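Novice: Let's see this in three dimensions:
(4 chains)
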2 protein chains.
Amino acid sequence: MTEYYSQHDRLFVAVDCIIFGLNHGDLSLLLTKRRFEPEKGKWSLMGGFVEADESVEAAAQRVLHDLTGLHDVYMEQVGAFGAVDRDPGERVVSVAYYALINFDDLDREAMEKLDARWIGINELPPLCFDHPEMIAKARRALRRRFSTEPAAFRLLPKLFTMSQMQSLYETILDEEVDKRNFRKRVAELRCVVPTNLIDKRGSRRGARLFRFDVEEFRQHPQFKL
Amino acid sequence: MTEYYSQHDRLFVAVDCIIFGLNHGDLSLLLTKRRFEPEKGKWSLMGGFVEADESVEAAAQRVLHDLTGLHDVYMEQVGAFGAVDRDPGERVVSVAYYALINFDDLDREAMEKLDARWIGINELPPLCFDHPEMIAKARRALRRRFSTEPAAFRLLPKLFTMSQMQSLYETILDEEVDKRNFRKRVAELRCVVPTNLIDKRGSRRGARLFRFDVEEFRQHPQFKL
DNA sequence: TCAAAAGTGTTCAGGGTACACCCATGG
DNA sequence: CCATGGGTGTACCCTGAACACTTTTGA
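Specialist: The predicted structure is shown next:
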């Protein structure tokens, strides 16, 4: 390869994944304890380095795959973090992504092998580097996304109740929502369809289960909540 | 320095600046012709490499300064672009920023020395690499920014008419706006204050000049358009 | 029988949108 | 005197917010 730019420095480029999931109804992040220096033993987002022959996006998918066993997960870039001393060990520029995964279909083994744990979004421990800043920015991006696109259905189980969906929205928007107004708005979305199934686990009376209809959404891509 | 991560690859990291300005009332980008290979001679965003001892943000400010002579310019990160072959010459990960600059106070000399030109946002020539994609993403970010924050005043001259401001919003939102409704909304913003001056250049009758009151905005940071 | 969550409509106000005509002036 | 851009007010609709009681059933 011709060395056009050889008078310039090369830097480590990393990715960090902010992995959102619903752990028994609670919006949570999948975190690990760092297994190497610097800051070994501290809580951390799952990260990895971008190698010369893979795109940044592909590196993020690879890191996520190693931890969860999942392929083709929905991810969105949060941004690049490039302070000189953000990693005290070396100069590393990191690109953060958030991922929305379905709690049910992740690979427990891979997860446990890497010492990963779900931690509630409002109970986060101290984290290494600038990871708290990445998380804050990811939450803002998520809020925008959730009010304009059907993203909740990537976190919710295939069948879900209105209470589950509302509680998820309340956590992400970080504000309480009126139950009747919420259900009224959802009822107008043709892509959220009721089933005949009742979930008896959450209450004596039981709650109707809904599902997200991808095909219907493709045809009527209106969404607002 | 300890080499914690030495088994991984190091990559070139660059910044590219999407420089918005009002060139005689038209929203425009400051573009240059590439002065080196690859794609020498093609139109390009102004870019540069991030060196080991400067933050990514600082690199963007440096690149912008070299071209415009300006310091402390308002910039917002657009995102990282990391496809393997985005630069056909070498593996380069680039972080894009957009900047809003005041057409009046830029340094013509630096600009001409680098063969830079203002080109209307709707008359862009073919550009090198993934720069069109960066610009598209920057325009989306700009649209969000303009509807929730007083950013227009970084592009407009210190004194401006309602027609100028409206036309700027129309270009950025990419839709026509009702004149009376627009003025009504602006009138409610305490940070946009009328002066007694009249601009006679644009019409026979003359148009009232307004200014943006930073201090007033600090005290009443409400803004919506 | 009671506790605990599910489910259900209406009213009201404020904001957003649509809309057309006169004004001032330089040439 | 006329062409050109500057400037102004109202009516209506519709969306978004507030708000409380009944239902079901397992324990």
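
Novice: Tell me which residues are up against the helix or strand harbouring A:Leu142.
Specialist: Assigned by DSSP states H and E, A:Leu142 belongs to helix A:131-148. Here helix A:131-148 makes contact (CB atoms under 8 Å, 6 or more residues apart in numbering or on different chains) with A:16, A:18, A:20, A:29, A:44-45, A:76, A:78-79, A:81, A:94, A:96, A:98, A:121, A:124, A:127, A:151-152, A:169, A:172-174, A:223-225, B:144. All C-beta atoms are positioned from the backbone trio N, CA, C, and that covers glycine.

Novice: Tell me the buried residues in it?
Specialist: For helix A:131-148, a neighbour-count test (16 or more other CB atoms under 10 Å in any protein chain shown) marks A:His131, A:Glu133, A:Met134, A:Ile135, A:Lys137, A:Ala138, A:Arg139, A:Ala141, A:Leu142, A:Arg145, A:Phe146 as buried.

Novice: Turn the residues you listed into CSV, including distance to A:Glu57.
Specialist: CSV is the format used below for these (distance: CB to CB, whole Å):
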residue, distance to A:Glu57
A:His131, 20
A:Glu133, 21
A:Met134, 16
A:Ile135, 20
A:Lys137, 18
A:Ala138, 16
A:Arg139, 21
A:Ala141, 16
A:Leu142, 18
A:Arg145, 17
A:Phe146, 22
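
Novice: pLDDT (mean, whole number) over the lengthiest strand in chain A?
Specialist: Across chain A, the longest stretch assigned as strand under DSSP state E is strand A:10-23. Mean pLDDT, strand A:10-23: 97.

Novice: right, is it up against chain B?
Specialist: Yes: Strand A:10-23 comes into contact with chain B (CB under 8 Å from any CB of the partner chain), by way of A:Arg10, A:Leu11, A:Phe12, A:Val13.

Novice: picking that back up, tell me what the very next helix or strand once past the helix holding A:Leu142 is packed against?
Specialist: Heading C-terminal from helix A:131-148, the first helix or strand you meet, by DSSP H and E, is strand A:160-161. Contact here means 3 or more CB pairs under 8 Å, 6 or more residues apart in numbering or on different chains; DSSP states H and E; on that basis strand A:160-161 packs against strand A:207-212.

Novice: follow-up on the earlier one: the longest strand of chain A: which residues count as buried?
Specialist: So, applying 16+ other CB under 10 Å, buried residues of strand A:10-23: A:10-22.

Novice: What of stretch A:72-85?
Specialist: A:Val73, A:Met75, A:Glu76, A:Gln77, A:Val78, A:Gly79, A:Ala80, A:Phe81, A:Gly82, A:Ala83, A:Val84.

Novice: repeat for stretch A:44-62
Specialist: A:44-50, A:54-61.

Novice: Which of these fall in helices?
Specialist: A:Val56, A:Glu57, A:Ala58, A:Ala59, A:Ala60, A:Gln61 (DSSP state H).

Novice: Looking at the residues you listed, spot the one nearest chain B.
Specialist: A:Val56 (2.7 Å; CB to the nearest CB).

Novice: which residues in chain A form strands?
Specialist: Using DSSP E, strands in chain A cover A:10-23, A:26-33, A:43-44, A:46-49, A:74-81, A:92-100, A:116-120, A:160-161, A:192-199, A:207-212.

Novice: List the pairing partners of the last one within its sheet, with orientation.
Specialist: In the sheet containing strand A:207-212, the strands it pairs with under DSSP bridges are strand A:160-161 (antiparallel), strand A:192-199 (antiparallel).

Novice: Now do it: distance to the chain's middle.
Specialist: Relative to the centre of its chain, strand A:207-212 is centred 22 Å away, using CA atoms, centre = their mean, to the nearest Å.

Novice: Enumerate the beta-bridge partners assigned to A:Ala99.
Specialist: A:Ile19, A:Met75.

Novice: Run through the residues that contact it.
Specialist: Going by CB under 8 Å, 6+ apart, the list of residues near A:Ala99 reads A:Cys17, A:Ile18, A:Ile19, A:Phe20, A:Ala60, A:Leu64, A:Val73, A:Tyr74, A:Met75.

Novice: okay, the fifth one: pLDDT?
Specialist: The model reports A:Ala60 with a pLDDT of 98.

Novice: buried stuff in the worst-scoring helix or strand of chain A on mean pLDDT?
Specialist: None of the helices or strands of chain A scores lower by mean pLDDT, DSSP states H and E than helix A:108-113, at a mean of 87. Across helix A:108-113, burial judged by 16+ other CB under 10 Å covers A:Met111.

Novice: What parts of chain A come near DNA strand C?
Specialist: A:161-163, A:178-181, A:183-184, A:202-208 (CB under 7 Å from any atom of the strand).

Novice: Out of the residues you listed, which end up buried?
Specialist: Buried, going by 16+ other CB under 10 Å: A:Thr161, A:Met162, A:Ser163, A:Ala207, out of these.

Novice: Can you name the residues of chain A sitting close to DNA strand D?
Specialist: Near DNA strand D, when you scan chain A using CB under 7 Å from any atom of the strand, you find A:Asp178, A:Lys179, A:Arg180, A:Asn181, A:Lys200, A:Arg204, A:Arg205, A:Gly206, A:Lys224.

Novice: Out of these, which is nearest to B:Pro157?
Specialist: A:Lys224 (37.3 Å; CB to CB).

Novice: Break chain A down into its structural domains.
Specialist: A:3-148, A:151-219 (automatic domain parsing).

Novice: Out of those domains, flag the one nearest B:Glu37.
Specialist: Checked against CB to CB, the stretch from these lying closest is domain A:3-148, at 5.9 Å.

Novice: A:Arg183 and A:Leu159, how far apart?
Specialist: Noted for A:Arg183: a distance of 17 Å to A:Leu159, by CB to CB, to the nearest Å.

Novice: Give me the buried stretch members for stretch A:23-36, please.
Specialist: A:Asp26, A:Leu27, A:Ser28, A:Leu29, A:Leu30, A:Leu31, A:Thr32, A:Lys33, A:Arg34.

Novice: quick one: low-confidence ranges for chain A?
Specialist: Residue ranges of chain A with pLDDT under 70: A:1-3.

Novice: cutoff 90 now
Specialist: For chain A, applying pLDDT under 90 flags the ranges A:1-6, A:34-41, A:103-115, A:220-222, A:224-225.
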